[in-house]
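*Asks:* Return a 3D structure for these sequence lines:
(chains A and B)
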There are 2 protein chains.
Amino acid sequence: MVYQRRIQLSTQHPTSTVYVLGTELSLDVCGSAPKDAVAFHVQGTPGVKLYVVHETKSVKLPSSVARWPLAAGTEVLLVMDALSKDVGDEKVRISYFAEAGGVPVGRAMLFLTCVEVSLDADTSRSGTVSRTLLDKAEWLWGPNGHGPILLVNCDRDDPKAETPDNRDTVIRSYADLQDMSQMVLQTRGPRTIFSSYHLLLHVDFGDADKVGVFYGGNSITLEEYKHVLGGSKLSYAVKPSRHQEESIFYVEALAFPDIGFSGLVAFHVTLLESAEKGLLETPIFTDTVVFRVAPWIMTPSTAAPLEVFICSVDGNEDFVAAVGALAEKAKCSLTVCPLLENRQDRWIQDEVEFGYVQAPHKTFPVVFDSPRDGGLKDFPFKSILGPDFGYVARQAPHGTSSLDSFGNLEVSPPVTVRGKEYPLGRILIGSSFPRFGGRRMANAVKAFLYSQKVQAPVELYSDWLRVGHVDEFLSFVPAPDRKGFRLLLASPNACYQLLKEKQEEGFGEAAMFEGLEGMPKLTINEILANEDLRKYNNYAQRCISWNRDKLKRALGLAEPDILDIPQLFGSAADTDADAGAEAFFPDMVNMLVLGKHLGIPKPFGPLVGGQCCLEERVRALLEPLGLTCTFIDDFFSYHINAGEVHCGTNVRRKPFAFKWWHMVP
Amino acid sequence: MVYQRRIQLSTQHPTSTVYVLGTELSLDVCGSAPKDAVAFHVQGTPGVKLYVVHETKSVKLPSSVARWPLAAGTEVLLVMDALSKDVGDEKVRISYFAEAGGVPVGRAMLFLTCVEVSLDADTSRSGTVSRTLLDKAEWLWGPNGHGPILLVNCDRDDPKAETPDNRDTVIRSYADLQDMSQMVLQTRGPRTIFSSYHLLLHVDFGDADKVGVFYGGNSITLEEYKHVLGGSKLSYAVKPSRHQEESIFYVEALAFPDIGFSGLVAFHVTLLESAEKGLLETPIFTDTVVFRVAPWIMTPSTAAPLEVFICSVDGNEDFVAAVGALAEKAKCSLTVCPLLENRQDRWIQDEVEFGYVQAPHKTFPVVFDSPRDGGLKDFPFKSILGPDFGYVARQAPHGTSSLDSFGNLEVSPPVTVRGKEYPLGRILIGSSFPRFGGRRMANAVKAFLYSQKVQAPVELYSDWLRVGHVDEFLSFVPAPDRKGFRLLLASPNACYQLLKEKQEEGFGEAAMFEGLEGMPKLTINEILANEDLRKYNNYAQRCISWNRDKLKRALGLAEPDILDIPQLFGSAADTDADAGAEAFFPDMVNMLVLGKHLGIPKPFGPLVGGQCCLEERVRALLEPLGLTCTFIDDFFSYHINAGEVHCGTNVRRKPFAFKWWHMVP
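*Replies:* Residues are numbered from 1 along each chain as shown, chains lettered A, B, ... in the order given. This next block holds a predicted model:
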């Protein structure tokens, strides 16, 4: 809708005002009419286009009608389309006539100065600021959407800085500026007009703590950049310079979307008119640009790996070497967190989740630091946060549970569910089934994940496990066919079926845990004869089956999209079922996926013909998909500490090629 | 999407399970196949419908194909459509065959009990609970939408209770129950099945503090009703009785939509299966119903009045009598707040706003208590809150300003703006223009108003006024034509035009404030000659014009929808423009609208021919709309205290005929 402004006129003295390009003035012809006037005539200089609105019809002037009756509701509309060269260089004159006609009984003069005032940003999402006819006050999702994007400036471009860049109000480097989005204020027209008509850049009170705006004037030296808006600064008086028509502002977001913050932030520029000296200025025109803060986006295990993280702790040298070799095969780098920084905490999967933020002009990774605080507590902030590597954290003020560890936070590959597209996949988190005392993820973390909107979370049931992480029973691997992936699920049923098959083939005396020092061997016959174990695994299977059914619905999967990986679970405490389940042998779905290279916990299953029958079965399931299975011995270094390969590693992956703003959440 | 559950079978022992009406079972025929089986045959008792899914085709059984190859991905789907009479009275048998054929090499038996488990509410919004095929887990706006509604039980049905009903966990009366929404759990099938399959009613952790659920079992005596869900109670084990198939729960909302609470609340019933004694139960089926909490809705001044509120304070007897006479004409009741309860605070408009909540089964008024706390502080809670009269309040922890008074909170009549309908109008609040130190409404109040969603707020600029309320410059009156109303705006320009007209007619010596003891008379000539006053009113006019332009855009108004009511403003302090504007003579738009009867502050304008020319002009503007103008003298009782008729009254009005859930916000 056109920005229309009503103008009061007077026959006593001429009126002066500015006209802002793209708006419309409505002249109150009736309001200034002398008492005995019944008709009027209006004419303007060539730069002024006039329309008379009379009895709901609009007639462009000059028309054949010279005089218009002064009926109630009669309006004169005015538009201009060229900038003024001088103040007041265009004019409108309204002449009023009494019934008898002839000589005017009064005249109202309006002097106009046409200026341009426009606040612009990268509304078309091209990577640069451009003028647009799109509605800048509206931010729309989708491939045909529009609206500019802000990044949370949560990296630390200056390695000497103590905090991430979104916690200071200074510009330390050009790299810092490059994380910000440009916002350009265009001011054209006779320069002297802006000494009496002031410009105010402002942000709504409720948004002010979510953004920072920097301005360097005409300067390009960093020292000149000042923090002009955000926090307690709600408005900034812009002084257009004599020689520059564009004022470039740099905008950073300080916070991610969350409860009470949709992610939308509006900036306004308002033109102020001074009615009289000593009186306050009044607003006459406002232009608004709405930005959206880019969400934090997770990457699924099927995405290309860039960097593998692992901890070096006492006694895990072989494990580190094995993961290093796998990373080399997958051609991605390996980052080892040294003992000094991990303080014997090997669960790097649980401490952080790697994701990224993206705007048309910039993309960078962001590590999400979990509320879990083990020995790795300081590692993400101290060692991962850095130039173009952002950091975000959420706390759990009411205490954490094991479900707050990020082994309990995964994301599916892209899926389509009953026609609804999730081009960035769906976040999967484990919750308790709602019984008394059940554990659950901290509200602050859940709220953060839901608020990002682009990877709508699905809550699974993981509290039946002692550790309680979704990565204990599920994983995703790439596949050349179908939806591009398979969901792997731990399956006690598949394991019993396999063992029974081997028993029937005459290998009942083949034993698990061969070659593991101090571990009692266990034959297939013994396992199959253990009724308590069978009952417990029936229970575990039912818990997994509930998740399986839910995953099929939530991700739109069919049976052939799922592979059941043989696995047994046992009760963590023999006497108390409530202690939760844990893997009976190394949990194979808890794997490291590096492209086609899988690092799978070595299960130490029964040897049949010199081959581990569990490894053999898993190879038979996965190798036809073009995947390579490397079984990594994590038994004493991870498994007996209730974790496996996936828990002990973490991967930064390539962002999606798909741009998040092209989706409709 | 059909709720599908995967069932594991065994050739070792028969499997038993329940089938829930409306769901689908997927039998894992491959998972239980003996090692050498290559084909299977499946048959069921007459109550069981079977489908074989084979190479993506689905074939209903019995078909001409007797044996099916055991290819990967082959599924047997099962549905039933009649309740079981006895536990396990329907069966499925799967026979496995080796390549040679002939005799089965294994058989898997499945015993089935068909039950019904359904959680229902007033999904179709008819006023009663009904079964439905609509998606109960989804709540949709609009005339074709669906989904049940909860009321915030914020009235106090028991006059002896100390708190509103949403702050206790007891049922004190049937009236209390009637404010709640019914939720019915249907459980049909052989009753004995529910002794081994348990039912759990539960609510998500994040929603639990927003609702209360009561259950009385088979009893109809109030004492038997127990608080079973909500607060710290996340789940409730339902024991279906031997004789009743329906368990009726009563649900109340405790909180209105607000920051961090969308208003949607999900309830679930989950059927639990006991795998083995001593092990935890596992969920096998969940039915979900999503409610929305009804928003608090305001009524515009054009709505039919039901009850006028006024304060009796020292010296306002004549005013109370005048308003009482007007209320009588408008056939609505008058409630006088006595001195003891108002403690000389006459600004009843500022203390509260009357609105209502509505569900298909119930509607009642709700008073919104402003953070402003004058002498009237306790009146709303003590005297308005009561049976079927609800109460809601928001605090301003960082202190209040005059902009928090509810004279600064109005709502427009229904409007359509560029095709977007606002069938309940739009809320209008006054804000500061964003300059340093500007006052603004408390965030908690603003957030509450925005969160109700159905009357999208518009923020106007009212901080230029000393008191700073939107009702100082705008009002709505009913009209028989156009959009059904007129927007009245205070207009210094219209006033100057009128006075000049009268001067030209020879009445320059006519004086204002005639008959007001102690007030200096002021002639038209003197007013028109006062240049400071004119300049100040130019400024006031510009402030109002900014709001006028904004209102035209936000409400989709045209010039003929607006009437300019002559009014002058003066600076509250002669030396400091920043002190803000106040009405120079009684502010006529600050009127009481009771249907066609208007109670307008008597302006004491210049007498021309024995008639007040201001009254005459206002009559000329409003009487053609069928409105009756009664000018009420509020000069010494309200005007000189910086308020007028509207500020000193309040009106409870008839709810909209339009149901809020029929709109799409």
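
*Asks:* CA atoms for contacts and neighbours, from now on please.
*Replies:* Will do.

*Asks:* Report how many residues lie close to A:D532.
*Replies:* 14 (other CA atoms under 10 Å in any protein chain shown).

*Asks:* Tell me which helix or strand comes right after the helix or strand where A:V76 lies.
*Replies:* Assigned by DSSP states H and E, A:V76 belongs to strand A:75-80. Next along the chain after strand A:75-80, taking DSSP H and E as the criterion, comes strand A:90-98.

*Asks:* ok, back up a step: relative to strand A:90-98, how tilted is the strand holding A:V76?
*Replies:* 160 degrees (axes from the mean of the first three to the mean of the last three CA atoms, to 10 degrees).

*Asks:* So what are the sheet partners of strand A:75-80 and their directions?
*Replies:* strand A:24-27 (antiparallel), strand A:48-54 (antiparallel) (DSSP bridges).

*Asks:* How far off centre is the first one?
*Replies:* In this view, strand A:24-27 has its centroid 42 Å away from the chain centroid, taken as CA atoms, centre = their mean, to the nearest Å.

*Asks:* and it, C-alpha only, in PDB?
*Replies:* The C-alpha trace of strand A:24-27 is given here as PDB (Å, rounded to 0.1, in the frame of the first residue of the first chain):
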ATOM      1  CA  GLU A  24       1.700  10.000  -2.000                       C
ATOM      2  CA  LEU A  25       0.400  13.300  -0.500                       C
ATOM      3  CA  SER A  26      -3.300  13.900   0.100                       C
ATOM      4  CA  LEU A  27      -4.000  17.600   0.200                       C
END
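
*Asks:* Which neighbours in the sheet does the next helix or strand after that strand have, and how are they oriented?
*Replies:* Where DSSP H and E defines the elements, the next helix or strand beyond strand A:24-27 is strand A:37-44. Strand A:37-44 has the following strand partners under DSSP bridges: strand A:68-69 (antiparallel), strand A:90-98 (antiparallel).

*Asks:* I'd like to know which of those strands lies nearest to B:G217.
*Replies:* Among those, the nearest to B:G217 by CA to CA is strand A:68-69 (77.1 Å).

*Asks:* now the closest one, how far from the chain's geometric center?
*Replies:* 58 Å.

*Asks:* For it, what does the pLDDT average out to?
*Replies:* If you average the pLDDT over strand A:68-69, you get 90.

*Asks:* picking up where we left off before, the strands paired with strand A:75-80: lowest mean pLDDT?
*Replies:* Taking the mean pLDDT of the strands paired with strand A:75-80, strand A:48-54 comes last: a mean of 91.

*Asks:* Would you mind reformatting the strands paired with strand A:75-80 (as CSV) and adding columns for mean neighbour count while you're at it?
*Replies:* Shown next, in CSV, are the strands paired with strand A:75-80 (neighbours: other CA atoms under 10 Å in any protein chain shown):
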stretch, mean neighbour count
strand A:24-27, 20
strand A:48-54, 19
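
*Asks:* CSV please, covering those and showing distance to A:N530.
*Replies:* Listed next are the strands paired with strand A:75-80 as CSV, based on distance: least, CA to CA, whole Å:
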stretch, distance to A:N530
strand A:24-27, 85
strand A:48-54, 92
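
*Asks:* Just the residues contacting the strand holding A:V76, thanks.
*Replies:* When contacts are defined by CA atoms under 8 Å, 6 or more residues apart in numbering or on different chains, strand A:75-80 is touched by residues A:19, A:21-30, A:47-54, A:114.

*Asks:* and stretch A:37-51, C-alpha only, in PDB?
*Replies:* Output of stretch A:37-51 as PDB, limited to C-alpha atoms (Å, rounded to 0.1, in the frame of the first residue of the first chain):
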ATOM      1  CA  ALA A  37     -15.900  28.900  -1.200                       C
ATOM      2  CA  VAL A  38     -17.800  26.300  -3.200                       C
ATOM      3  CA  ALA A  39     -15.300  25.300  -5.800                       C
ATOM      4  CA  PHE A  40     -11.600  25.100  -6.300                       C
ATOM      5  CA  HIS A  41      -9.000  25.000  -9.100                       C
ATOM      6  CA  VAL A  42      -5.700  23.300  -8.600                       C
ATOM      7  CA  GLN A  43      -2.500  23.600 -10.700                       C
ATOM      8  CA  GLY A  44       1.100  22.500 -10.200                       C
ATOM      9  CA  THR A  45       4.500  23.000 -11.700                       C
ATOM     10  CA  PRO A  46       5.600  20.400 -14.200                       C
ATOM     11  CA  GLY A  47       7.300  18.100 -11.700                       C
ATOM     12  CA  VAL A  48       4.100  17.600  -9.800                       C
ATOM     13  CA  LYS A  49       1.400  15.000 -10.800                       C
ATOM     14  CA  LEU A  50      -2.000  15.800  -9.500                       C
ATOM     15  CA  TYR A  51      -5.200  13.800  -9.200                       C
END
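
*Asks:* So what touches that stretch?
*Replies:* For stretch A:37-51, contacts defined as CA under 8 Å, 6+ apart pick out A:58-62, A:66-70, A:76-82, A:90-99, A:105.

*Asks:* any idea how chain A splits into domains?
*Replies:* Split into domains by automatic domain parsing, chain A comes to A:4-116, A:121-293, A:297-658.

*Asks:* State the phi and psi torsions of A:R167.
*Replies:* phi -110, psi 10 (degrees, to the nearest 10).

*Asks:* need the contact list for it.
*Replies:* A:R167 neighbours (CA under 8 Å, 6+ apart): A:L254.

*Asks:* Return the distance of it relative to chain B.
*Replies:* 23 Å (CA to the nearest CA, to the nearest Å).

*Asks:* again with A:Y356
*Replies:* 25 Å.

*Asks:* Just name whatever secondary elements the strand or helix carrying that residue is in contact with.
*Replies:* Counting by DSSP H and E, the element that carries A:Y356 is strand A:352-359. For strand A:352-359, the elements it packs on are strand A:297-298, strand A:362-369, strand A:649-653, judged by 3 or more CA pairs under 8 Å, 6 or more residues apart in numbering or on different chains; DSSP states H and E.

*Asks:* distance between stretch A:486-496 and the chain's centre?
*Replies:* That offset, for stretch A:486-496, works out to 34 Å (CA atoms, centre = their mean).

*Asks:* cool, and stretch A:633-653?
*Replies:* 29 Å.

*Asks:* first to last residue in it, what's the distance?
*Replies:* This stretch, stretch A:633-653, spans 24 Å end to end (CA to CA, to the nearest Å).

*Asks:* May I see the buried residues of that stretch?
*Replies:* A:633-635, A:637-639, A:642-653 (16 or more other CA atoms under 10 Å in any protein chain shown).

*Asks:* do the same with stretch A:355-368
*Replies:* A:355-361, A:364-368.

*Asks:* of all these, which comes closest to chain B?
*Replies:* Of all those, A:F368 has the smallest distance to chain B: 21.8 Å, by CA to the nearest CA.

*Asks:* Could I get the contacting residues of the closest one?
*Replies:* Per CA under 8 Å, 6+ apart, neighbours of A:F368: A:352-355, A:391-393.

*Asks:* Surely A:T282 is in a strand?
*Replies:* Yes. Counting by DSSP: H, G, I helix; E, B strand; the rest coil, A:T282 is located in a strand.

*Asks:* which strand residues sit across from it in the sheet?
*Replies:* Going by DSSP bridges, A:T282 is paired in beta bridges with A:E273.

*Asks:* doesn't A:F256 make contact with A:W296?
*Replies:* Yes. Using CA atoms under 8 Å, A:W296 makes contact with A:F256 at a distance of 7.5 Å.

*Asks:* who touches both of those two?
*Replies:* A:Q452.

*Asks:* The lowest-mean-pLDDT helix or strand in chain A pairs with which strands?
*Replies:* When each helix and strand of chain A is scored by mean pLDDT, DSSP states H and E, strand A:57-60 comes last, with a mean of 79. Partners of strand A:57-60 in the sheet, by DSSP bridges, are strand A:48-54 (antiparallel).

*Asks:* leaving aside the residues next to it on the chain, what's closest to A:L614?
*Replies:* Excluding the flanking residues, the one nearest A:L614 by CA to CA, 6 or more residues apart in numbering or on different chains is A:G605, at 5.6 Å.

*Asks:* I'm done for today, thanks for sticking with me.
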